[in-house]
Structure formats: structure tokens, C-alpha cells
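1. I'd like to go over a predicted model; first the sequence, then the structure.
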Amino acid sequence: MTSDNGMSSISRNRANSAGRVLSAGFHRDTVSDYVRALAVAQQWRSQHVNPTEQCFAKVLDCSKGISRSVATFRLKRMISIVRKIQRPNTHFKLGELDDIGGCRLIVESNEQVRHAASWLASNLPLKNGSADKDYIARPQDSGYRSRHLLCSIASDSASYHVEVQIRTRLQHCWSTAVEAAGEIYGTEYKSPVVRADADGDDERRLCFFKIVSSLFALEEHAPQVPGFVGDYATLVRQLHDLDCTRSILDDLNAAVDSVFIADTLEASSELFLLKLSRESQYLDVESFRADELEEALRRYDAVERRIELPGDGTSTSDEAGYDNAVLVYARDAEQLAIAYPNYSTNVRFFLDKVNGYLEP
């Protein structure tokens with residue numbers, strides 16, 4: 001069996017075997033085994049391109065019917081894949097990961113989330129079993145709220161798992177702020193292992209995000225975070241009383257860098273390839289018409305290959321130097337900013353919301 005790029009396809013079992021080598025970590029006496037396993041993992045990741053593209057085409061169709069929605073396409077970065085299967089006290093298998101290929105739909109309301117989930121479930125092949133995970137109706141203990149559909153997409157005579165996340169802008173900016181805080185404090189707050197072992201400052205910061213998530217849920221008339229159920233006044237008082245609230249807001253505010261956009265957006269475009277250099281906060285934007293999806297996906301794949309395989313001697317000047325890329329469908333610059341692969345727009349929105357709660 002060969003993949004679309006002409007290479008022999010990696011089977012799920014072979015991916016799992018490589019994952020076991022990677023999960024053990026990099027050791028001086030197993031360098032060659034680790035390098036071979038990493039190459040297998042990279043090929044397994046690349047085999048998710050076509051099925052994720054198929055899924056994204058349906059997400060685009062759904063987005064076009066929902067006013068002010070934003071759709072994004074991305075593959076999980078190799079460094080994130082390796083970190084996930086190396087988490088202590090977990091048993092993630094490389095071949096069973098559901099989120100190597102991912103699409104996201106950001107909408108304005110939970111009603112739109114429900115509409116989108118229903119439409120997509122009727123138009124995409126869902127994975128058997130727990131294919132619909134509703135973290136809005138049942139928020140995670142961390143405060144995370146979103147709706148996930150797990151799809152099983154056929155490609156190369158095999159099937160691949162692709163995750164579709166559907167969330168409101170409030171839910172999206174909360175999740176982005178948690179990621180930003182993780183980078184600021186050097187702690188992966190999204191990790192269940194990290195949350196389970198958290199104490200001291202980390203525990204208080206996690207509490208802050210749970211309270212804010214429950215306040216956001218109140219605004220959306222949705223279930224609140226377990227253990228943080230209360231009315232508006234009670235939750236705001238808890239925010240005021242938490243001794244880390246002001247420092248978190250100050251640190252997030254300090255971390256919000258302005259982003260320099262390289263190109264003027266074309267009015268006729270609806271598809272955008274965003275390429276970010278975090279070090280310089282330089283955002284390069286390539287624009288495409290909605291009927292140029294195939295070309296946009298081809299360019300995304302070219303950029304991703306340069307990001308994932310740096311220094312291989314094949315990088316070209318317009319594809320080198322970036323460390324994050326995302327393909328976005330949006331109908332105006334304001335909506336496009338929600339999907340920027342840095343923290344500026346969404347963390348500012350988060351800060352405005354939380355500071356509004358704290359005002360007398």
C-alpha cells in the first residue's frame with residue numbers, strides 16, 4: 001500500500017510501535033532507534049493530510065451557512081505529538097491519536113454550535129463509539145468547553161481519525177488564554193497530568209481559569225464547571241478574592257505582542273494561509289478565493305513540510321523561518337484575526353471580558 005505522495009504507507013500497528021520508542025524518550029544509546037521511529041511518526045502524520053483535507057471541505061460547507069463563523073485547518077505539530085505520547089502516567093498510542101488531523105469551527109453562540117454539530121454529523125463519517133464529545137453540556141473539570149466530533153476518514157485504503165472542534169468565540173478565547181498562560185509560566189496547563197499534580201501557584205492559576213470559564217458559561221446560559229457553580233456575584237467575588245488574579249491579568253497583558261501583518265488582505269479572498277514567526281511576531285498572509293481550496297491546501301502542505309523538517313536543504317526563502325501555520329476560512333479581517341496563530345487578538349478579548357467582571 002502506498003500513500004498519495006508515492007511512499008509506502010505506515011500501518012497503524014507500525015505507527016504504534018514507533019510511538020512506543022518515542023514515548024521512552026531520547027537516550028544516547030538508542031539514538032538510531034529514536035531517529036527511525038521519528039521518521040515513521042512523520043510519515044504517519046503526513047498520511048493524515050488527505051483525510052483532514054476531505055474533512056475540512058465539509059467544515060467549509062458548514063461554515064458558509066453560519067454567519068460570522070471561522071473555519072481552520074491544521075495538522076498537529078510533531079513536537080506536540082511527541083510531547084503527548086511522552087506524558088507521564090498516560091498510555092497514548094501514536095496510531096490511535098484522534099487529533100493529528102484537526103479542523104475547527106468558531107461560531108458566535110451555542111445554538112450555532114448545536115446546528116453545526118448536527119449538520120456535520122450528518123455529512124461526515126463519524127468514528128464508532130464516543131464520536132461526539134460535548135464538553136459544553138458537560139464541561140471538563142479544567143474549565144474546558146467545546147464540542148468535538150471524531151471522524152473516521154478513508155484514505156490510502158485505510159481510515160484515519162480527524163477531530164473537528166466546534167466552539168464559540170468565548171470558549172475559544174478562554175482556551176487560547178490557558179495556552180498563553182502555559183507559555184508564560186512554563187507549565188502545560190492543558191495536560192491532565194499537570195493539573196492532577198498542581199499545587200501552590202499552579203493550583204491557584206488553574207482555579208482562576210475555572211472561575212472565568214463558569215462566568216463565560218453563565219453568559220452563554222450553559223452548564224458551569226464542576227465545583228464552580230454559582231451566580232454572577234458569587235463568582236466575581238471569588239475572582240476578586242483569589243490572590244493571583246491581578247498577576248495573571250498583568251502577565252497576560254504583558255505577553256500580548258502586537259503582530260506585524262506582511263500583506264494587505266484582498267477583499268475578494270476568503271481563504272487565508274497564515275504563517276507566523278513567533279520570535280519576530282511576523283505574520284505572513286497568503287490569500288486565496290474560496291474556489292482555490294486545492295491550491296491553498298497545496299501551499300499549506302509546502303509550508304508545513306518546511307516547518308516540520310527544518311534545515312534539510314530544501315527550504316526556499318518564502319517558506320523558511322516560520323514556526324506555525326494555519327489555513328483559515330473567514331469573510332472579513334475581524335473574523336480572520338480570531339484565528340491568528342498567536343495570542344494577541346484572543347487574549348485581548350479575554351482580558352477585556354475578565355477586567356469587565358472586576359470593574360466596580
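-> Cool, the structure landed.
2. when you work out contacts or count neighbours from here on, use the C-alpha atoms and nothing else.
-> OK.
3. all strands for the stretch 201-350 of the chain, in order.
-> Along the stretch 201-350 of the chain, counting by DSSP state E, counting those that start in this stretch, strands occupy 260-261, 271-277, 282-288, 324-329.
4. weakest of those in terms of mean pLDDT?
-> Mean pLDDT values for the strands of the stretch 201-350 of the chain show the minimum at strand 260-261, a mean of 60.
5. and the longest helix along the chain, how far from the chain's centre?
-> If each helix of the chain is counted by residues according to DSSP state H, the longest one is helix 200-219. The chain centre lies 20 Å from the centre of helix 200-219; the measure is Cα atoms, centre = their mean, to the nearest Å.
6. give the rounded mean pLDDT of that helix.
-> Here helix 200-219 scores 96 as its mean pLDDT.
7. repeat that for stretch 124-144.
-> When pLDDT is averaged over stretch 124-144, the result is 91.
8. in it, what counts as buried?
-> Applying a neighbour-count criterion of 16 or more other Cα atoms under 10 Å, the buried positions in stretch 124-144 are 124-127, 131-132, 134-136, 138-144.
9. what does it rub up against?
-> Here stretch 124-144 makes contact (Cα atoms under 8 Å, 6 or more residues apart in numbering) with 55, 58, 145-153, 161, 171, 175, 195, 206, 209-211, 213-214, 222-227.
10. before we move on, the earlier item: what helices or strands is the longest helix of the chain leaning on?
-> helix 169-185, helix 232-241, helix 245-255 (3 or more Cα pairs under 8 Å, 6 or more residues apart in numbering; DSSP states H and E).
11. closest to residue 41 out of those helices?
-> The closest of these to residue 41 is helix 169-185. By Cα to Cα, the value is 24.6 Å.
12. list the buried residues of the closest one.
-> For helix 169-185, by 16+ other Cα under 10 Å, it's 169-181.
13. now do stretch 156-164
-> So stretch 156-164, judged by 16+ other Cα under 10 Å, has buried residues 160, 161, 162, 163, 164.
14. dump these into TSV; add distance to residue 71 as well.
-> Formatted as TSV, these follow (distance: Cα to Cα, whole Å):
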residue	distance to residue 71
160	20
161	18
162	15
163	13
164	10
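15. strands along the stretch 1-150 of the chain, start to end?
-> Using DSSP E, counting those that start in this stretch, strands in the stretch 1-150 of the chain cover 70-75, 101-107, 132-134, 147-155.
16. tell me which of those strands sits nearest to residue 280.
-> It's strand 70-75; of these, that one is closest to residue 280 (Cα to Cα) at 21.7 Å.
17. report all helices and strands that the closest one contacts.
-> Using 3+ Cα pairs under 8 Å, 6+ apart: strand 70-75 touches helix 49-64, strand 101-107, strand 324-329.
18. one step back: nearest to residue 289, of the strands of the stretch 1-150 of the chain?
-> Smallest distance to residue 289 across these (Cα to Cα): 14.5 Å, for strand 70-75.
19. that closest one pairs with which strands, parallel or anti?
-> strand 101-107 (antiparallel), strand 324-329 (antiparallel) (DSSP bridges).
20. residue 336 is in contact with residue 328, isn't it?
-> Yes. Residue 336 is within contact range of residue 328, at 7.3 Å (criterion: Cα atoms under 8 Å).
21. anything in contact with each of those two?
-> Common neighbours of residue 336 and residue 328 are listed as residue 70 (criterion: Cα under 8 Å, 6+ apart).
22. neighbour-wise, which of these two wins?
-> residue 328 (28 against 22; other Cα atoms under 10 Å).
23. ok, now which ones touch the nearest residue to that one once chain neighbours are set aside?
-> Nearest residue to residue 328, sequence neighbours excluded (Cα to Cα, 6 or more residues apart in numbering): residue 72, at 4.4 Å. By Cα under 8 Å, 6+ apart, the contact list for residue 72 reads 56, 103, 104, 105, 326, 327, 328, 329, 339.
24. could you check how far the first one is from residue 40?
-> Yep, that's residue 56 we're talking about. As judged by Cα to Cα, to the nearest Å, residue 56 and residue 40 stand 25 Å apart.
25. between those two, which one's more packed in?
-> residue 56 (27 against 21).
26. check contacts around the closest residue to residue 296 other than its chain neighbours.
-> With Cα to Cα, 6+ apart as the criterion, residue 296 has its nearest non-adjacent residue at 6.6 Å, and that residue is residue 288. Contact analysis of residue 288 by Cα under 8 Å, 6+ apart lists 269, 270, 271, 272, 296.
27. neighbours around the second one, how many?
-> It stands for residue 270. Residues contacting residue 270 under the criterion other Cα under 10 Å number 21.
28. please apply the same query to residue 252.
-> Count around residue 252 with other Cα under 10 Å applied: 22.
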